[in-house]
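J.: sequence plus predicted model, see below.
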Amino acid sequence: MERFTGGRVPMLAAAAVGAVGLAVTGWGFAVDTRRAFFGYLFAFAYWAGLGVASLVLLGTWQASKARWPVVLRRMLETMAGTLPLFAVLFVPLLAGASHLYPWMDPHLALPERELKKLEHKRAFLNLPFWAVRSAVYFGVWIAASELLLRWSRKQDETGELRLTKWQRWLGAGALPVVGLAMSFASLDWLMSLEPLFVSTVYGLYWFAGAFVGVVAMLTLATTLARGPNLYGELVNDSHRASLGKFLLAFSVFWAYMAYSQFFLIWIADLPHEVPWYILRARGAWEPVALFIVNARFTVPFLVLLSRPFKRHRRTLGVMAGWLLLGHVVDTWWLVIPVVSPGEVRVHWADVSAWLGVGGAAVAFTLWRLRGYATVPVGDPYLHESLGYDE
């Protein structure tokens with residue numbers, strides 16, 4: 001397979017969408033500051049979560065010495081290679097943190113008992129430490145993703161077997177650190193929107209949702225990657241069936257995490273935990289919560305139980321798109337009720353930020369993919385992957 005030199009038109013189109021979306025969101029920071037920052041946080045959490053989950057999936061494949069997904073790996077490596085972009089896109093959140101996080105407000109209107117609880121968290125929830133932790137998260141993610149991508153590309157030219165060993169060692173060694181950083185990032189960026197809320201399952205909930213999202217994104221990209229020098233032409237029904245199994249398994253895992261968090265909070269009935277669900281599962285937000293359960297679990301569970309559906313390219317592509325939609329609504333549901341309690345309304349800044357961050361991410365992915373083979377042609381197990389038969 002030759003190097004990929006196409007994709008220029010979709011890359012420029014995505015870049016244009018991203019530029020316009022970010023410009024509109026930037027205008028929103030000036031005219032409707034707090035709401036625009038919440039829209040930006042929702043968009044950032046969605047797309048950055050997919051980037052980090054790409055790295056987790058890549059590390060898992062390397063650590064497990066999986067051979068069947070080698071033909072899919074370059075796209076996943078490139079998706080994880082967007083993390084430096086998200087480090088740059090994090091800067092607006094750092095600048096607008098005071099509009100998002102109530103723990104930064106020294107004059108917060110809360111009962112004295114809750115203020116005391118919040119005061120106990122000051123050592124952890126303060127802007128300098130929050131910013132340092134975020135820098136550490138990005139440092140870990142970027143170092144791991146860049147090394148994996150660099151060694152894989154180098155192997156395209158040299159075919160050195162030791163590079164396969166290095167990737168496997170790094171995948172296995174980095175996986176716990178990358179996962180912990182992702183879990184702590186969810187607490188810092190999302191859960192601390194409501195600083196008195198405590199959930200030990202929150203990080204796993206966000207991870208499970210993003211993991212389903214990245215498998216869906218990889219499935220959709222594989223479905224669309226058809227043409228000269230694109231890896232989608234090399235993918236067979238068995239690869240699609242295995243991706244469908246991943247989607248089914250981790251949709252169930254997401255449901256398990258969602259139920260575990262809900263059940264533990266319901267049975268404990270603690271006053272600092274229950275309001276989180278009352279805000280999101282009562283009144284106007286109740287239909288949204290029900291939609292998420294059906295979009296992320298009921299529908300994919302019923303569809304993906306079918307073996308023929310998992311092997312069918314278009315059906316699996318549609319299911320992947322549906323799961324990505326469910327992940328959009330789920331991420332929105334985690335963030336927006338804080339700034340819009342009792343009212344379900346899509347703000348224009350939510351749309352512009354999602355398109356802006358997403359357009360930039362897609363354009364960056366295509367830019368990093370161009371000039372290289374879309375499959376790791378130097379990997380010693382590529383031939384075995386191309387002949388994969390489940």
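T.: That came in fine, so what should we check first? Numbers count the residues shown, from 1 in each chain.
J.: quick one, helices of the stretch 201-350 of the chain?
T.: Per DSSP state H, counting those that start in this stretch, the stretch 201-350 of the chain carries helices over the ranges 202-224, 237-268, 274-281, 286-293, 299-304, 307-311, 313-335, 348-369.
J.: and the third one with helix 202-224, angle?
T.: The one in question is helix 274-281. 30 degrees (axes from the mean of the first three to the mean of the last three Cα atoms, to 10 degrees).
J.: ok, and what's touching helix 274-281?
T.: 194, 197, 199, 262, 265-266, 285, 288-289, 333, 337-338, 341 (Cβ atoms under 8 Å, 6 or more residues apart in numbering). The C-beta positions use only the backbone N, C-alpha and C, and glycine is treated the same way.
J.: report how many residues lie close to Asp269.
T.: Neighbours of Asp269 under the rule other Cβ atoms under 10 Å: 8.
J.: how close does it sit to Pro275?
T.: For Asp269, the distance to Pro275 (Cβ to Cβ, to the nearest Å) stands at 12 Å.
J.: thought Gly358 was touching Phe42?
T.: No - at 11.5 Å, Gly358 does not count as touching Phe42 under the criterion of Cβ atoms under 8 Å.
J.: in JSON lines, list the helices of the stretch 201-350 of the chain along with mean pLDDT, distance to Val136 and mean neighbour count.
T.: Converted to JSON lines, those look like this (pLDDT from 0 to 100; distance: least, Cβ to Cβ, whole Å; neighbours: other Cβ atoms under 10 Å):
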{"stretch": "helix 202-224", "mean pLDDT": "96", "distance to Val136": "16", "mean neighbour count": "24"}
{"stretch": "helix 237-268", "mean pLDDT": "95", "distance to Val136": "25", "mean neighbour count": "18"}
{"stretch": "helix 274-281", "mean pLDDT": "93", "distance to Val136": "27", "mean neighbour count": "16"}
{"stretch": "helix 286-293", "mean pLDDT": "96", "distance to Val136": "31", "mean neighbour count": "15"}
{"stretch": "helix 299-304", "mean pLDDT": "96", "distance to Val136": "34", "mean neighbour count": "18"}
{"stretch": "helix 307-311", "mean pLDDT": "92", "distance to Val136": "39", "mean neighbour count": "16"}
{"stretch": "helix 313-335", "mean pLDDT": "96", "distance to Val136": "23", "mean neighbour count": "20"}
{"stretch": "helix 348-369", "mean pLDDT": "97", "distance to Val136": "22", "mean neighbour count": "22"}
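J.: just put these in a markdown table and tack on distance to Gly21.
T.: Below are the helices of the stretch 201-350 of the chain laid out as a markdown table (distance: least, Cβ to Cβ, whole Å):
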| stretch | distance to Gly21 |
| --- | --- |
| helix 202-224 | 18 |
| helix 237-268 | 27 |
| helix 274-281 | 26 |
| helix 286-293 | 23 |
| helix 299-304 | 28 |
| helix 307-311 | 34 |
| helix 313-335 | 14 |
| helix 348-369 | 3 |
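J.: so which of these is nearest Phe38?
T.: Closest approach to Phe38 among these (Cβ to Cβ): helix 313-335, 6.0 Å.
J.: which elements pack onto that closest one?
T.: helix 33-63, helix 202-224, helix 237-268, helix 286-293, helix 299-304, helix 307-311 (3 or more Cβ pairs under 8 Å, 6 or more residues apart in numbering; DSSP states H and E).
J.: out of these, which is closest to Val70?
T.: Closest of these to Val70 is helix 33-63, at 8.5 Å (criterion: Cβ to Cβ).
J.: between helix 237-268 and that closest one, find me the angle.
T.: Using the same axes, to 10 degrees: helix 33-63 against helix 237-268 is 120 degrees.
J.: buried residues in helix 33-63, which are they?
T.: Applying a neighbour-count criterion of 16 or more other Cβ atoms under 10 Å, the buried positions in helix 33-63 are 35-63.
J.: give the contact list for the closest residue to Trp333 other than its chain neighbours.
T.: Spatial nearest neighbour of Trp333, excluding adjacent residues (Cβ to Cβ, 6 or more residues apart in numbering): Val288 at 5.5 Å. Taking Cβ under 8 Å, 6+ apart, we find Val288 in contact with Arg280, Val329, Trp333, Val344.
J.: so Val288 versus Val346, what's the distance?
T.: From Val288 to Val346 the distance is 11 Å (Cβ to Cβ).
J.: check which helices and strands the helix or strand hosting Glu384 sits against.
T.: Per DSSP states H and E, Glu384 falls inside helix 382-386. Where contact means 3+ Cβ pairs under 8 Å, 6+ apart, helix 382-386 is packed against helix 70-80.
J.: so what's the gap between the helix it packs on and the chain middle?
T.: From the chain centre to the centre of helix 70-80 is a distance of 15 Å (Cα atoms, centre = their mean, to the nearest Å).
J.: and stretch 115-126, what's buried?
T.: For stretch 115-126, burial by neighbour count (16+ other Cβ under 10 Å) applies to Leu118, Leu125.
J.: output that stretch as CSV, restricted to C-alpha atoms.
T.: Coordinates of each C-alpha in stretch 115-126 appear next as CSV, following Å, rounded to 0.1, in the frame of the first residue of the first chain:
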residue,chain,number,x,y,z
LEU,A,115,-19.3,26.0,53.0
LYS,A,116,-17.3,24.1,55.6
LYS,A,117,-17.3,21.0,53.5
LEU,A,118,-16.1,23.0,50.5
GLU,A,119,-13.4,24.6,52.6
HIS,A,120,-12.0,21.1,53.4
LYS,A,121,-11.5,20.6,49.7
ARG,A,122,-9.6,23.8,49.1
ALA,A,123,-6.2,22.0,49.2
PHE,A,124,-7.3,20.0,46.2
LEU,A,125,-9.8,22.4,44.5
ASN,A,126,-7.8,25.5,43.8
